[in-house]
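**Student:** Structure for the following, please:
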Amino acid sequence: MQTIANEISVIIPLYNKRESIARAIASIEAQSVTPREIIVIDDGSTDGSGEIVEALAASNPAIRLLHQPNSGVSAARNRAIEMAEGEYIALLDGDDRWREGYLAEICHLIADYPDCGAYATGFYVIDGEQQAIGDTPQSRGIVDFFAESQRHYVLIPSATTLNRSLAISLGGFPEGMRMGEDQYLWTKIARSAKVCISPTPLVDYSRSGENRSAAIYRPEQSHHSLEELYDPTATDLSNEYLARVALGKALVQSVKGGTNEARRAVNFFGYTRLHRRALRKVRLLNALPIGWRATALNIYNRLAWLIARKGL
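**Tutor:** The predicted model follows:
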C-alpha cells in the first residue's frame, strides 16, 4: 500500500484555521502509510495560521506551504492541484481530520478498483462534543453516484481522493462559487468516470467549520454556475442531483437575503421531480420578509422532523 501512497498528494486550503490546522496535519502524519507530500495553500490568513504550518514544516520536509492573496477555497485547491506531484489528490480541510487507517483504505480502494475518478470513505459529523455517522452508501465498491446522492452523501471533500489528471482536465473547482463548488466538480467527475466508496467512517467532519462558512454570506462573483451543468440529453439522475444541490443552496441564499438568486434557482430547477419539497420551501421563504425567513425555515424543518418521526 505504501507504493500507492507515494502517488498521493494531500492538499489543504487554509484560511484562518489557527485553532485546528495543527490537528488536521497531525492526523495525516499519524496515518499508517505516508503520502508523497502535504501541500497547504494559505489563502490570505490573518490569524497566524500560516506561521503554525511554517513551524510544522520545519520538522516535516513533506509539508509544502504556499501563500496567496485571499481568493477563495476553489482557487486555493486548484493551485495546490496544479502544484501537486502525485497521481492522486487527497482533499482535507483545515477544520477536519482523518482517523487512523483513512489513507490505507483509500490505497486499498485504488488497488481494488483502479481507473476511478474519485475514491471516498464514510465519515463522522462532529458537532461540539457530539458525533454521528454520516449518511453514506453502505456497500463497498463502485456506486451509481447520482442515484445514491439522491438520499445519501457519497463524496465530501475531506473524505475524498481524486484522480489528479481527470480533475485538471475537467477544469478543477469552480473559482468564485461560494456554495456548491464541491458538488459542481463531483457532477463533472461522475459524468466522466466511476466513483468508488468504502462505508467505513474514517474522517471527522466538523459541522462547526461548515457553519462558520455559511454564516458569512456574500453574493457570488463567478462565471461558473450549477445551471451550466444541466444536460437535457442526460439519461441518468445527474440533472436531479443538480436540482437537489441548487435548491439546497437557494435555501441558504434566501434566508441570507439573496432573494433574486433563490428565485433564479426556483425558475431554472423547477423541472425537478424528486425534490419538489425543497422547491416549495424556497418559494415559501422567498415570499416572506427577509427577517422572518430563518425562523420560518427552522419551524418548517422541526415540523417535518416530527412528522417523519411519527411516520405520518
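**Student:** Could I get the average pLDDT for stretch 97-116?
**Tutor:** Across stretch 97-116, the average pLDDT comes to 97.
**Student:** Do me a favour and get the end-to-end distance for that stretch?
**Tutor:** Stretch 97-116 has its terminal residues 24 Å apart, counting by Cα to Cα, to the nearest Å.
**Student:** next one: stretch 281-290
**Tutor:** Stretch 281-290 has an end-to-end distance of 14 Å (Cα to Cα).
**Student:** list the contacts for residue 98?
**Tutor:** Residue 98 makes contacts with 27, 28, 30, 31, 92, 158, 202, 203, 204, as judged by Cβ atoms under 8 Å, 6 or more residues apart in numbering. C-betas here are computed from N, CA, C, even on glycine.
**Student:** List the contacts of the residue nearest to the fourth one when sequence neighbours are not counted.
**Tutor:** On the basis of Cβ to Cβ, 6 or more residues apart in numbering, the spatially nearest residue to residue 31 that is not a chain neighbour turns out to be residue 103, at 4.3 Å. Going by Cβ under 8 Å, 6+ apart, residue 103 touches 5, 8, 28, 31, 32, 33, 35, 90.
**Student:** hang on, the earlier thing: among the contacts of residue 98, which are in helices?
**Tutor:** Members of these lying in helices (criterion: DSSP state H): 27, 28.
**Student:** Buried ones only from the contacts of residue 98, please, as a ChimeraX command.
**Tutor:** Remark: buried members of the contacts of residue 98, expressed as a ChimeraX selection using 16 or more other Cβ atoms under 10 Å:
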select :27,28,31,92,158,202,203,204
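**Student:** circling back to that earlier point, quick one: which two of the contacts of residue 103 are the most distant?
**Tutor:** Pairwise distances across the contacts of residue 103 peak at 14.3 Å for 32 and 90 (criterion: Cβ to Cβ).
**Student:** which of these two has more neighbours?
**Tutor:** residue 90 (27 against 14; other Cβ atoms under 10 Å).
**Student:** which residues does the more buried one contact?
**Tutor:** Contacts of residue 90 by Cβ under 8 Å, 6+ apart are 8, 9, 10, 11, 35, 103, 106, 160, 161.
**Student:** Now secondary structure and distance to residue 244 too, for those residues, in JSON lines please.
**Tutor:** JSON lines is the format used below for the contacts of residue 90 (DSSP: H, G, I helix; E, B strand; the rest coil; distance: Cβ to Cβ, whole Å):
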{"residue": "8", "secondary structure": "strand", "distance to residue 244": "30"}
{"residue": "9", "secondary structure": "strand", "distance to residue 244": "31"}
{"residue": "10", "secondary structure": "strand", "distance to residue 244": "29"}
{"residue": "11", "secondary structure": "strand", "distance to residue 244": "27"}
{"residue": "35", "secondary structure": "coil", "distance to residue 244": "32"}
{"residue": "103", "secondary structure": "helix", "distance to residue 244": "30"}
{"residue": "106", "secondary structure": "helix", "distance to residue 244": "26"}
{"residue": "160", "secondary structure": "strand", "distance to residue 244": "18"}
{"residue": "161", "secondary structure": "strand", "distance to residue 244": "23"}
